[in-house]
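Colleague: pasting a predicted model and its sequence here:
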Amino acid sequence: MSTTESTAPARRRAFLGIDTGSISTKGVIIDDELDIIARTYLWTEGDPSRAAERVIDDLEKQIDRDVFDVVAVGTTGSARRLVGAMTGAQMVKNEITAHAVGTTHLHPDVRTILEIGGQDSKIICVEDGVAVDYAMNTLCAAGTGSFLSSQAHRLGVEVEDFGAIALTSKKPANIAARCTVFAESDLVHKIQMGYAREDVIAGLCKAVATNYLNNVGKGKKIEGPVVFQGGVSKNIGVVHFFEEALGCEVTVDADGHLMGAYGAALLAAGTPPEKQSSFAFDIDDFEFKTREVVCRKCPNHCEIVCVYKDDDLIDSWGNRCENGALKAKRR
């Protein structure tokens, strides 16, 4: 008598990338062919650890875990160390690296990457697929997503409609957007002077592009192909004024607002097989806490951030010498 043995097919490898910023947290899962199979974009709401948990829950619902096995995690963004500790990430990289890796994978010939997020912006100059120069603006919110959102609220318009309205303008108002306070004052003045709403909105979109080029892009060699990313890249009015100012086409990908997370996932995909392990999607089963301690073992008095999973120390950073090194529990 013969017996028939049935074996379940091996699951395909997949990789998770999370980009946690001050305004929004983004996440993607890519398959072994490096294509996005799950994506999400949620507000951070001042709680990056909880935002990461929500992003992971959302991504898990989008994939069939009988088919895909997430074997490596990459994190980026302002809370990359925290989220990296929570997820046991194999790759923790800064935003410049993540955006450059993601963009050059999709656009091997890209020369300039423009990015405007919720509260900051950056420019990355690329040569032969390698980032050779960059600049970031994190000091002023003028010209960022939060700036546009606040002005949309003032005008009683949904910020998602800004771009389409801006393109109907024949004479954009001249608005000084080098500073949030000046821009708001100028905006109120233009409204009181009776400027048409579409001209004011077009003026705001143009000011965002102009302010970016005069500040973040100052002194940088901006060459095409140009790729525009971040939440503001969804504003077709800002895209139009970038193209007008640069005199070339500006490419915006459908997933351009997720490029940091995509780059983090690509970096995770480069994890050596011996360091890969199945991700359990269970981080919300644990309590994560951060605590800041001041090390007094030398004159530096470093402020060390400690991350605890339940009551176990799993990561710490901030020490500038070995005196402040803390031993984390083996994961």
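Modeller: Good, I have the coordinates.
Colleague: low pLDDT regions in the stretch 1-150 of the chain?
Modeller: The model of the stretch 1-150 of the chain has pLDDT under 70 over residues 1-8, 138-143.
Colleague: can you rerun that using 80?
Modeller: Along the stretch 1-150 of the chain, segments meeting pLDDT under 80 span 1-9, 118-119, 138-146.
Colleague: that one: helices as residue ranges?
Modeller: 48-62, 80-87, 95-106, 145-155 (DSSP state H, counting those that start in this stretch).
Colleague: reformat these as TSV; add distance to D120 and mean neighbour count.
Modeller: Where C-beta positions appear, they are placed from N, C-alpha and C, glycine not excepted. Output for the helices of the stretch 1-150 of the chain, formatted as TSV (distance: least, C-beta to C-beta, whole Å; neighbours: other C-beta atoms under 10 Å):
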stretch	distance to D120	mean neighbour count
helix 48-62	15	19
helix 80-87	14	24
helix 95-106	9	23
helix 145-155	10	19
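Colleague: what's the closest of those to L204?
Modeller: Comparison of the helices of the stretch 1-150 of the chain against L204 by C-beta to C-beta identifies helix 145-155 as nearest, at 5.7 Å.
Colleague: residues in contact with the closest one?
Modeller: 23, 116-119, 141, 158-159, 162, 177, 180, 183-184, 187, 191, 197, 200-201, 204, 208, 230-232, 235 (C-beta atoms under 8 Å, 6 or more residues apart in numbering).
Colleague: helices - which of those land there?
Modeller: Here DSSP state H is the test, and the contacts of helix 145-155 give 162, 180, 183-184, 187, 191, 197, 200-201, 204, 208 as lying in helices.
Colleague: contacting residues around T144?
Modeller: Neighbours of T144 in contact, by C-beta under 8 Å, 6+ apart: 116-121, 232.
Colleague: swap that for A79, please
Modeller: By C-beta under 8 Å, 6+ apart, the contact list for A79 reads 20-21, 44, 48-49, 52.
Colleague: show me the two of these that sit farthest apart.
Modeller: Farthest apart among those by C-beta to C-beta are G21 and S49. That separation is 13.7 Å.
Colleague: what's around G77, how many residues?
Modeller: By other C-beta atoms under 10 Å, 27 other residues sit near G77.
Colleague: what is it paired to in the beta sheet?
Modeller: Legend: beta-bridge partners of G77 under DSSP bridges are T20.
Colleague: isn't it right next to G17, touching?
Modeller: No: taking contacts as C-beta atoms under 8 Å, G77 lies outside contact range of G17: 10.3 Å.
Colleague: average model confidence for stretch 302-316?
Modeller: Mean pLDDT, computed over stretch 302-316, is 72.
Colleague: out of the helices of the stretch 1-150 of the chain, which is closest to L258?
Modeller: Closest of those to L258 is helix 95-106, at 8.4 Å (criterion: C-beta to C-beta).
Colleague: now the contacts of T144 in TSV, with neighbour count and distance to R65?
Modeller: As requested, the contacts of T144 are exported to TSV (neighbours: other C-beta atoms under 10 Å; distance: C-beta to C-beta, whole Å):
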residue	neighbour count	distance to R65
I116	29	35
G117	26	31
G118	21	31
Q119	18	35
D120	23	35
S121	27	37
V232	29	35
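Colleague: the residues you listed in strands, which ones?
Modeller: Judged by DSSP state E, the contacts of T144 include 116, 121 as members of strands.
Colleague: can I get the contacts of T144 in TSV with distance to T251?
Modeller: Converted to TSV, the contacts of T144 look like this (distance: C-beta to C-beta, whole Å):
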residue	distance to T251
I116	15
G117	18
G118	21
Q119	24
D120	21
S121	17
V232	15
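Colleague: before we move on, back to that, what touches both of G77 and G17?
Modeller: Looking at what touches both G77 and G17 (by C-beta under 8 Å, 6+ apart), the common residues are G260.
Colleague: quote the end-to-end distance of stretch 83-100.
Modeller: End-to-end distance of stretch 83-100: 20 Å, with C-alpha to C-alpha, to the nearest Å as the criterion.
Colleague: mind listing what I283 touches?
Modeller: Applying C-beta under 8 Å, 6+ apart to I283 gives the contacts 52-53, 56, 86-87.
Colleague: taking the residues you listed together, which two end up most distant?
Modeller: Farthest apart among those by C-beta to C-beta are E53 and T87. That separation is 9.9 Å.
Colleague: on that earlier part again, could you pick out the buried ones from the ones in helices among the contacts of helix 145-155?
Modeller: The neighbour count (16 or more other C-beta atoms under 10 Å) marks 162, 180, 183-184, 187, 200-201, 204, 208 as buried among the ones in helices among the contacts of helix 145-155.
Colleague: columns pLDDT on top of the residues you listed, output as JSON lines?
Modeller: Listed next are those as JSON lines, based on pLDDT from 0 to 100:
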{"residue": "F162", "pLDDT": "88"}
{"residue": "T180", "pLDDT": "66"}
{"residue": "A183", "pLDDT": "71"}
{"residue": "E184", "pLDDT": "74"}
{"residue": "L187", "pLDDT": "77"}
{"residue": "V200", "pLDDT": "90"}
{"residue": "I201", "pLDDT": "90"}
{"residue": "L204", "pLDDT": "88"}
{"residue": "V208", "pLDDT": "88"}
